[in-house]
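Trainee: heads up, no residue letters with this:
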C-alpha cells in the first residue's frame with residue numbers, strides 16, 4: 001500500500017510517495033517557472049504519473065492522494081482559489097479523477113496552512129499537542145489552526161487567512177490586495193516596504209541597499225543587511241517584528257494554544273528573532289495564556305506541506 005502526497009506552492013511543486021508507515025519512498029520536485037492556470041494543473045498530473053513510474057508501483061497499489069494548495073480549497077464546491085497561479089474556481093479534483101480514469105483512489109485537497117499544521121502535528125514540532133498554531137510567514141501569511149484536537153476550517157474553508165489581520169490605521173488601498181499584516185510582515189511585504197523607501201531616495205542614505213537594483217531587492221537581501229546593522233533594513237524588519245508580536249499575541253489571547261510554530265521562507269533568516277517576538281508579544285497578550293504557550297521554529301520547514309498532504313492521504317484511504 002502507498003499514498004501520493006503533493007505540495008503545490010506558488011513557485012514550486014514537490015511530490016512524494018509515502019508507504020503505509022509514513023516513510024517517503026521516492027520524491028520529485030519541479031519549479032513552476034512561468035506556468036499559470038491549466039499549465040499548473042497539467043504539471044500536477046505529470047507529477048502523479050512520475051511518482052508512480054519512479055516507484056515501480058502498480059497504480060492499484062496507490063490508495064489515496066493528498067494535495068496541499070496555495071489558496072482556498074473549498075470542501076463544498078471542490079473548487080480551488082489560488083490567485084498566485086491564476087486558479088479561480090479551478091476543478092482540480094475533477095481533473096485528477098478524469099486523468100486517473102475514475103480509479104477508486106481517495107483524493108483529499110486542503111489549503112497550505114491546513115497541511116502545514118497537520119504536517120507539524122504528525123511529524124514535527126507539534127507532536128503530542130492538541131492546541132497548536134502554525135504561523136507561516138513566506139510570500140504571504142497564513143495560519144494553520146489545531147484547536148482542541150481539531151483542524152479549524154471555517155464556513156468557507158478560509159479560516160487562517162491571517163494576512164488580512166487589521167494591524168493599524170489609517171487604512172491603505174494596498175491592504176485591499178495584500179491585507180494589512182501581509183503588507184508589512186510577509187516576505188514580499190518586507191521587500192515592498194524597502195523598495196518604497198528606496199524609490200523615495202531621501203531616507204537612510206547610508207544604506208547599502210541603495211547600491212542594489214531596486215526592483216531586484218528581496219527579503220533575503222534585507223535580512224542580510226539587517227544583521228549587518230543597516231539602518232534601512234533595521235527600520236523595515238523592526239516594523240515586521242512588532243507586527244509578528246502583535247499578531248501572535250492576539251492568537252494567544254483568542255485561542256490559548258500550547259504552541260505557536262513559526263515557519264515559511266522568512267523563518268529562515270528570522271528564526272533567531274523568535275525570542276524577541278515572544279518578549280514583545282508578552283506585553284500585548286493575555287498574561288496567563290502567554291505564559292502557557294511556547295514559541296517554536298518549524299522543524300519540517302519546507303517539508304511541512306508535503307507531510308501534511310501525506311497525512312491527509314494516509315488517513316483517507318478507502319481500500
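Mentor: Thanks, I have it. Only a predicted model underlies this, so the values are computations on that prediction, with no experimental measurement involved.
Trainee: Could you measure from the residue nearest to residue 264 when sequence neighbours are not counted over to residue 68?
Mentor: Once flanking residues are discounted, residue 264 sits nearest to residue 138: 3.5 Å by CB to CB, 6 or more residues apart in numbering. Bear in mind the C-beta positions are built from the backbone N, C-alpha and C, glycine included. Going from residue 138 to residue 68 by CB to CB, to the nearest Å gives 13 Å.
Trainee: Could I get the phi/psi values of the residue nearest to residue 264?
Mentor: phi -130, psi -130 (degrees, to the nearest 10).
Trainee: Distance check, it against residue 51.
Mentor: In terms of CB to CB, residue 138 sits 25 Å off from residue 51.
Trainee: Just give the closest residue to residue 312, not the sequence neighbours.
Mentor: Per CB to CB, 6+ apart, closest to residue 312 is residue 66, 3.6 Å.
Trainee: Now the phi/psi pair for residue 63, please.
Mentor: Dihedral angles (degrees, to the nearest 10) for residue 63: phi -100, psi -30.
Trainee: count of neighbours near it?
Mentor: Neighbours of residue 63 under the rule other CB atoms under 10 Å: 19.
Trainee: Likewise for residue 300?
Mentor: 21.
Trainee: wait, is residue 128 part of a strand?
Mentor: No: according to DSSP: H, G, I helix; E, B strand; the rest coil, residue 128 belongs to no strand; its state is coil.
Trainee: and it, how many neighbours does it have?
Mentor: Residue 128, neighbours per other CB under 10 Å, totals 7.
Trainee: got it, and residue 37?
Mentor: Neighbours of residue 37 (other CB under 10 Å): 12.
Trainee: what's the closest residue to it other than its chain neighbours in contact with, if anything?
Mentor: Nearest residue to residue 37, sequence neighbours excluded (CB to CB, 6+ apart): residue 86, at 4.4 Å. By CB atoms under 8 Å, 6 or more residues apart in numbering, the contact list for residue 86 reads 36, 37, 40.
Trainee: Using the record's assignment, carve this protein into domains.
Mentor: 2-117+303-314, 129-298 (automatic domain parsing).
Trainee: Output the ones you listed in TSV, with distance to residue 123 and mean pLDDT appended to each entry.
Mentor: Formatted as TSV, these follow (distance: least, CB to CB, whole Å; pLDDT from 0 to 100):
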stretch	distance to residue 123	mean pLDDT
domain 2-117+303-314	5	92
domain 129-298	11	96
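Trainee: Quick one: residues contacting the residue nearest to residue 264.
Mentor: Residue 138 sits in contact with 186, 187, 264, 265, 266, where contact means CB under 8 Å, 6+ apart.
Trainee: where along the stretch 101-250 of the chain do the strands fall?
Mentor: Applying DSSP state E, counting those that start in this stretch to the stretch 101-250 of the chain gives strands spanning 106-111, 132-137, 141-147, 150-151.
Trainee: As a markdown table, the ones you listed with distance to residue 121 and mean neighbour count would be great.
Mentor: Below are the strands of the stretch 101-250 of the chain laid out as a markdown table (distance: least, CB to CB, whole Å; neighbours: other CB atoms under 10 Å):
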| stretch | distance to residue 121 | mean neighbour count |
| --- | --- | --- |
| strand 106-111 | 13 | 23 |
| strand 132-137 | 7 | 28 |
| strand 141-147 | 6 | 25 |
| strand 150-151 | 9 | 14 |
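Trainee: could these be laid out in TSV, adding distance to residue 181?
Mentor: What follows is the strands of the stretch 101-250 of the chain, written out as TSV (distance: least, CB to CB, whole Å):
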stretch	distance to residue 181
strand 106-111	17
strand 132-137	10
strand 141-147	6
strand 150-151	22
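Trainee: and residue 12, which of the ones you listed is closest to it?
Mentor: strand 132-137 (15.0 Å; CB to CB).
Trainee: How far does that closest one sit from its chain's centre?
Mentor: Put simply, strand 132-137 sits 8 Å off its chain's centre (CA atoms, centre = their mean, to the nearest Å).
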